[in-house]
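Undergrad: please work out how this folds:
(chains A, B and C)
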Amino acid sequence: MLYTTFAHLLILCNLSAFGQIYFEKQIIVSSFLNDLNKEQYAAVTAPDGPSMVIAGAGSGKTRVLTYRIAYLLNKGVDPFNVLALTFTNKAAREMKERIIKLIGNGDARNVWMGTFHSVFARILRFDGSHLGYPSNFTIYDSDDSKRLIRQIIKDKDLDNKTYNPSYVRARISMAKSSLILPDNYGSDAEIMATDTAARKPLISEIYAAYNNRLRRANAMDFDDLLLNTYLLFNNFGEVLYKWQRRFQHILVDEYQDTNHVQYMIIKKLASNNEHVYVVGDDAQSIYSFRGANIQNMLNFKSDYPDYKLFKLQQNYRSTKTIVEAANKIIANNKEQIKKTVWTDKEKGQKIGLVRATSDSEEGNLTAGSIFEIKMREQQPNSAFAVLYRTNAQSRSIEEALRKRNIPYRIYGGLSFYQRKEIKDLLAYFRLVINNNDEDALQRAINTPARGIGKTTMERVMVAADQHNISLWEVINNVEKFNLGINSGAMRKLAAFATMIKSFEVVVKNKDAFDAAQHIAIASGLLKMYKDDDAIESMSKVENIEELLNSIKDFSEKGAEQAEGDLEGQGTFHEFMQNVALLTDADDDDDENNDKVILMTIHAAKGLEFPYVFVVGMEENLFPSMQSVSTRTDLEEERRLFYVAVTRAMKKVTLSYAETRYRWGEFTVGEPSRFLEEVDEDLLDIPKKASVGRERDFRQSEKSTTSPPMHFQKRNLKPVENNSQSFEASNTSDLQVGMQVVHPKFGTGKVVAIEGTGPNKKAAVFFPVVGQKKLLLRFAKLKVL
DNA sequence: TCCGATCTATTTTTT
DNA sequence: ATAGATCGGA
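TA: Numbers count the residues shown, from 1 in each chain, chains lettered A, B, ... in the order given. This next block holds a predicted model:
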């Protein structure tokens, strides 16, 4: 069920009911504190003032945080006064579960636990009115934002290549998370210098228009949830005071990933008593692209001079081999807080290294290896995770796992909520909640087709701009405006408005599920997909039904736990409040969780798996092409690699492919520089004298040494392409003009040769696929 | 206005 | 490769 966790989105768990009997309480407390090592104990029982816990990978970070909360409550702190901020809903949920395990479940739920975004969205629903927002504001996700920005760029007749919507959105996001409003954006010399240098001097105008349109739509984007909370606290002392009194104790998880606004909000909230407790690991900061700033960690000292610092350095997760390898990797970074992560676990298995000739072979080898270990070690599927840099890489892995009938679960990528059919239906829901939601209106108005076309909508938009009112206000009073459209179009617009208003009545009078189902049917959306006999439409109908089912689930669950609770009535409105903040990772299909996990390394942060496969260890992929030019970016990629390796408990396997299907064509890649940073002694590769700084795996494939058994075995697995049997020639004296045969591309003619030594490349023209540039070290070419 | 054909951007990571 | 946007004809 998709929304089983919805009710937990803002986890308000009352822990005050635990240990009604003093005696019992003592036992519980002493026993739970016994679970901790010395450092953890010190951190958990720290005095009330500002504290920072630097927690190495696998050192029990979540444990300390949860025990800390339990400890506070035990000391007599009112759970109502505790706020715990996390980065993902999943983390919040897990923490809540662990606290319940520790000290039992209560029935009122007063510890606020949730993501920055969901907690602040909630605060803004209470108090956003001070800033002029009604409590029913819509949250625009990145897609919605991008659509709006694209529209503004078009309206302004700007070239959408120069003003790439994604780029513009990123700039605006950056500004918002640095507390820079449109007015200040244009006058900020540094920003304008960057924009001018990028030949995009008008971003400041787009930003202003964008914010204006968001306002008009009564909508906030993700960054607004933070920025507006800050503005609220900054400009309205009494509001700040109220929340300060409410949150006497603030705990922040993954502090290294907070950005400037988040930092400022925490600072404001904590400014009265400084009971702020942050936990993080600078080595795992991987979100600077989103404005996260390690500086927040480094500055903690100057912000709170009398702070207490705790370092957790014992890793309980991984083998010595893994911990050692990870330490070596991260040691290559200059910027870091000094610490030594260690473990007293066994040495364990070496880190596997797999070379594949192509991405599909990489998938096969990975799947084969999973199968093999699964059988040999009797492991469940869920013991395995395949991690990659980009979502696009999941495909080859998926295919291979499917071929072997290994069940898998994929996180990220096109999430359920981003699917077109889901967005379509949600658009109606959103419009019912907030008529001014323009993105929703534009989506819904002609889906299914109602004969309200481009021209009509353009006229409506012109009128809306003229009066600076929302599209809805124009459509709902269509006769009051001189739109210059024919009576047929006017009638259609009015009919649409009437329909939406009828939905509002339904929502008021029926429960969430009935209302949602009514809308899906009466809007004609469900019929539209049912009537369409394209193959994809079937799954679209299924997805819509799944969404409806999850609403049913939500409304039933909500009703159960409704007594005396501030939320959880299971109403349609509640359902819609945080939909934009939900991601795929938030659903638990509890029925069958025994699946291999596929996800990006980013998504894997905070998780652990016995066996981890990191695929795509290639230059320009990991580290990504964009990040190799500056040290800061490269160091972030390295931290990402560190995160990937430290997810594993028993064994890490790294793999790379010599060719990869990217951008719709074959690309030839070379092994990632990060592979060289893994200590050779910890790596399971064929042993052979190294040549210079070149490693064995960098050498040509004509190695005479046999690879280790399991490696060999995997390589012998049948691979459908014929590259195995293809006999390559020595290409060291390849000349321009020679005819060559490539196993995939067929016969071609060498048109140029460049580079020397291991970097020697040949440009070859193949009549079938066109000209390709091949790195001779890898390309299997037969000279004719 | 609708529909199909063609063009185009997309691939870094996410709340 | 692929989905979405755009364009042109009916």
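Undergrad: tally of neighbours for the residue of chain A found nearest DNA strand C?
TA: Nearest residue of chain A to DNA strand C (C-beta to the nearest atom of the strand) works out as residue A:664 at 3.0 Å. For glycine as for every other residue, the C-beta is placed from the backbone atoms N, C-alpha and C. For residue A:664, the neighbour count with other C-beta atoms under 10 Å is 5.
Undergrad: again with the one 3 residues further on
TA: The burial metric for residue A:667, expressed as a neighbour count using other C-beta under 10 Å, is 16.
Undergrad: parallel or antiparallel, which strands does the host helix or strand of it pair with?
TA: Residue A:667 is part of strand A:665-668 when elements are defined by DSSP states H and E. If you go by DSSP bridges, strand A:665-668 pairs up with strand A:648-662 (antiparallel).
Undergrad: buried sites along the strand it pairs with?
TA: Using 16 or more other C-beta atoms under 10 Å as the test for burial, strand A:648-662 gives A:648-660, A:662.
Undergrad: for the residues you listed, could you give me CSV that also reports distance to DNA strand B?
TA: As requested, the buried residues of strand A:648-662 are exported to CSV (distance: C-beta to the nearest atom of the strand, whole Å):
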residue, distance to DNA strand B
A:648, 19
A:649, 22
A:650, 24
A:651, 24
A:652, 20
A:653, 21
A:654, 18
A:655, 18
A:656, 16
A:657, 14
A:658, 17
A:659, 15
A:660, 10
A:662, 5
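Undergrad: near DNA strand B, which residues of the stretch 351-500 of chain A are found?
TA: Residues of the stretch 351-500 of chain A lying close to DNA strand B by C-beta under 7 Å from any atom of the strand are A:389-392, A:412, A:446, A:449-456, A:489.
Undergrad: check the residues you listed for burial and list the buried ones.
TA: Looks like those have A:389, A:390, A:391, A:412, A:446, A:450, A:452, A:456, A:489 buried, using 16+ other C-beta under 10 Å.
Undergrad: next, format these as TSV and append pLDDT.
TA: Conversion of those to TSV gives the following (pLDDT from 0 to 100):
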residue	pLDDT
A:389	93
A:390	90
A:391	87
A:412	74
A:446	86
A:450	85
A:452	85
A:456	85
A:489	83
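Undergrad: now render the residues you listed as CSV, adding distance to DNA strand C and secondary structure.
TA: Shown next, in CSV, are those (distance: C-beta to the nearest atom of the strand, whole Å; DSSP: H, G, I helix; E, B strand; the rest coil):
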residue, distance to DNA strand C, secondary structure
A:389, 18, coil
A:390, 13, coil
A:391, 13, helix
A:412, 16, coil
A:446, 12, coil
A:450, 17, coil
A:452, 15, coil
A:456, 15, helix
A:489, 16, helix
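Undergrad: of those, closest to residue A:360?
TA: Nearest to residue A:360 among those: residue A:390, at 16.4 Å, using C-beta to C-beta.
Undergrad: next up, the contacts around that closest one.
TA: The contact partners of residue A:390, taken as C-beta atoms under 8 Å, 6 or more residues apart in numbering, are A:600, A:616, A:621, A:624.
Undergrad: same deal with residue A:348?
TA: Contact analysis of residue A:348 by C-beta under 8 Å, 6+ apart lists A:318, A:319, A:320, A:321, A:322, A:650, A:651.
Undergrad: now it: how far from residue A:188?
TA: Separation of residue A:348 from residue A:188 (C-beta to C-beta, to the nearest Å): 51 Å.
Undergrad: residue A:579 too?
TA: Residue A:579 is 34 Å from residue A:188, by C-beta to C-beta.
Undergrad: quick one: which of these two has more around it?
TA: With neighbours defined as other C-beta under 10 Å, residue A:579 and residue A:188 compare such that residue A:579 has more, 20 against 16.
Undergrad: what's the nearest residue to the more buried one if we skip its chain neighbours?
TA: Spatial nearest neighbour of residue A:579, chain neighbours left out: residue A:426 (6.4 Å); criterion: C-beta to C-beta, 6 or more residues apart in numbering.
Undergrad: make sure the one you found is indeed in a helix.
TA: Yes: applying DSSP: H, G, I helix; E, B strand; the rest coil, one finds residue A:426 inside a helix.
Undergrad: so who does it touch?
TA: Contact analysis of residue A:426 by C-beta under 8 Å, 6+ apart lists A:417, A:440, A:547, A:579.
Undergrad: cool, residue A:349 as well?
TA: Contact partners of residue A:349, counting by C-beta under 8 Å, 6+ apart, are A:319, A:321, A:650, A:651, A:684.
Undergrad: could you do residue A:206 as well?
TA: Counting by C-beta under 8 Å, 6+ apart, residue A:206 touches A:149, A:152, A:153, A:156, A:158, A:163, A:168, A:172.
Undergrad: surely the second one is in contact with residue A:210?
TA: Yep, that's residue A:152 we're talking about. Yes: contact criterion C-beta atoms under 8 Å: residue A:152 and residue A:210 qualify, at 5.8 Å.
Undergrad: which residues of the stretch 101-250 of chain A score low on pLDDT?
TA: Counting by pLDDT under 70, the ranges of the stretch 101-250 of chain A that qualify are A:104-109.
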